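Peer 1: got a predicted model here, sequence first, then my questions.
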Amino acid sequence: MPCYKLIKESRGHSMMDLLVEFRQKLAREEFEDVIKVLWAIWENRNRQWNNQPYMSRAQFFGVGLGYIWRDWSGNIVSTGMKFLPVCCPVIVAEAKAVVSALQDRPMTMYNSYEIRSDCKQLVDDISANDSFLGTAQPIVNQIKRHLGFSSCTKFIHVKRAHNVGAHNLAKRSLENKFTHSFYNSFPDWLAIVCKADLSNSL
């Protein structure tokens, strides 16, 4: 087949680039043959992969958000989890979690505070004054323009291991497609997670 030579000479960086190049250089019948062969190779490869996990589309559709408000001593004031039936890049999901936390700010948290996120790109984008930030631009602007954001003294990056509590909330929200805020009293599972997370968060 002529496609082998085309693959070798291709300048494409993705499968889509390769297919577009094939379509431009091959006759329609040859192009259809290439598609059939590639499809057969892909199917054969999948058949050799045993115990394939089944994931329905519904399981992929959505994002879970989690956030924790603590006082300056590290005590939990409130927590929240929110399920959004959307698909979005990680930075947008992280930014939406910050917006949700700002909207759910406890009444007792009227003084200055700092925000900690394990998404370095979000922290960098919040700190930058760039006019173009890509897909995160609208949600980053929403954070900066939020009335409560003026009380934020620091927006800092922390390691994922130092943000376990918020991630557990986000994971539980996604698994159960659940939105809820906790004030004053917290379920046992949340208290255990947050207690373990406390030493890393201070």
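Peer 2: All right, it came through fine.

Peer 1: hey, let's count contacts and neighbours off CA atoms from now on
Peer 2: Noted.

Peer 1: least confident secondary structure element in this structure?
Peer 2: Least confident element among the helices and strands of the chain, by mean pLDDT, DSSP states H and E: helix 57-60 (a mean of 50).

Peer 1: ok, then the element right after that helix?
Peer 2: Counting by DSSP states H and E, the element after helix 57-60 in chain order, helix or strand, is strand 63-70.

Peer 1: any chance you could list what contacts that following strand?
Peer 2: With contact meaning CA atoms under 8 Å, 6 or more residues apart in numbering, strand 63-70 is reached by 76-88, 93-94, 96-98, 101, 105-106, 165-174, 177.

Peer 1: what of stretch 161-169?
Peer 2: Stretch 161-169 is contacted from outside by 64-68, 80-81, 117-118, 190, 193-194, 197, 200-201, using CA under 8 Å, 6+ apart.

Peer 1: list only those of these flagged as buried.
Peer 2: 64-68, 80-81, 117-118, 190, 193-194, 197, 201 (16 or more other CA atoms under 10 Å).

Peer 1: spatially nearest residue to Ala97 (excluding sequence neighbours)?
Peer 2: Leaving aside its chain neighbours, Ala97 sits nearest to Leu65 (5.2 Å; criterion: CA to CA, 6 or more residues apart in numbering).

Peer 1: report the buried residues of the helix or strand encompassing Trp39.
Peer 2: Under the criterion of DSSP H and E, Trp39 resides in helix 28-47. For helix 28-47, burial by neighbour count (16+ other CA under 10 Å) applies to Glu30, Phe31, Val34.

Peer 1: one more: stretch 150-165?
Peer 2: The neighbour-count check on stretch 150-165 (16+ other CA under 10 Å) flags Phe155, Ile156, His157, Val158, His162, Asn163, Val164, Gly165 as buried.

Peer 1: now swap in stretch 136-148 and tell me
Peer 2: Ala136, Ile139, Val140, Gln142, Ile143, Gly148.

Peer 1: surely the last one touches Leu102?
Peer 2: Just to be clear, that refers to Gly148. Yes - counting by CA atoms under 8 Å, Leu102 is a contact partner of Gly148 at 6.4 Å.

Peer 1: from Leu122, how far out is the nearest residue to Tyr113 once chain neighbours are set aside?
Peer 2: Of all residues not flanking Tyr113 in the chain, Cys152 sits nearest, at 5.1 Å (CA to CA, 6+ apart). From Cys152 over to Leu122 the distance is 15 Å, taken as CA to CA, to the nearest Å.

Peer 1: could you do Asp33 as well?
Peer 2: 45 Å.

Peer 1: what number of residues lie near Val99?
Peer 2: The number of residues packed around Val99, counting by other CA atoms under 10 Å, is 21.
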